[in-house]
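[1] okay, sequence plus prediction incoming.
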Amino acid sequence: MKFTQVEAEGIKPLAENSPFTGWLYKVMSVTGVAKLIGVIELITGLLIALRPVAPAWSGVGSLMAIITFLITLSYIFTTPGWEENLGFPALSVTPGQFLLKDVVLLGVAIWTAGEAFAAAGVL
């Protein structure tokens, strides 16, 4: 989806307000930023999938996922649009539901990193 105009425009309000990703819009177009994120996500997934043959590389992919999810979860604090009636950090439906899944995925990425590095003999 990161390679579509709809997704590129959809993530812009989240990414442009973050100190971690907002600067990208100063050096790249909206679609360029989305495509870069998409390529990073594809590389991350491919590295994680290498677990049966290259557990250390899979661990690197899991670390990339951890960084990705920490960055996207930081959007909770940097994206305008939290619900006035509920107070901080209750985000409105649009960014809130999108970001909430990343809490679970962060946990999974931590688990897969530990498992992959243990299998590689690093831990």
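    Received it, and whenever you're ready, just let me know what you need.
[2] low pLDDT regions in the chain?
    Regions of the chain meeting the criterion pLDDT under 70 cover residues 81-98.
[3] quick one: the strands in it?
    Assigned by DSSP state E, the chain shows no strands.
[4] count the neighbours of Ile76 for me.
    A count of neighbours around Ile76, defined by other CB atoms under 10 Å, yields 19. No exception for glycine: its C-beta is placed from N, CA and C like everyone else's.
[5] gap between Met28 and Asn17?
    Using CB to CB, to the nearest Å, we find Met28 at a distance of 16 Å from Asn17.
[6] those two: which is more packed in?
    The residue with more neighbours, out of Met28 and Asn17, is Asn17; 17 against 13, by other CB under 10 Å.
[7] OK, contacts around the nearest residue to the more buried one once chain neighbours are set aside?
    In this structure, Asn17 finds its nearest non-sequential neighbour in Thr78, 4.6 Å apart by CB to CB, 6 or more residues apart in numbering. Shown in contact with Thr78 (CB atoms under 8 Å, 6 or more residues apart in numbering): 17-19.
[8] give me the distance from the longest helix seen in the chain to the chain's centre.
    Determined from DSSP state H, the single longest helix within the chain is helix 93-119. The chain centroid and the centroid of helix 93-119 are separated by 9 Å, computed with CA atoms, centre = their mean, to the nearest Å.
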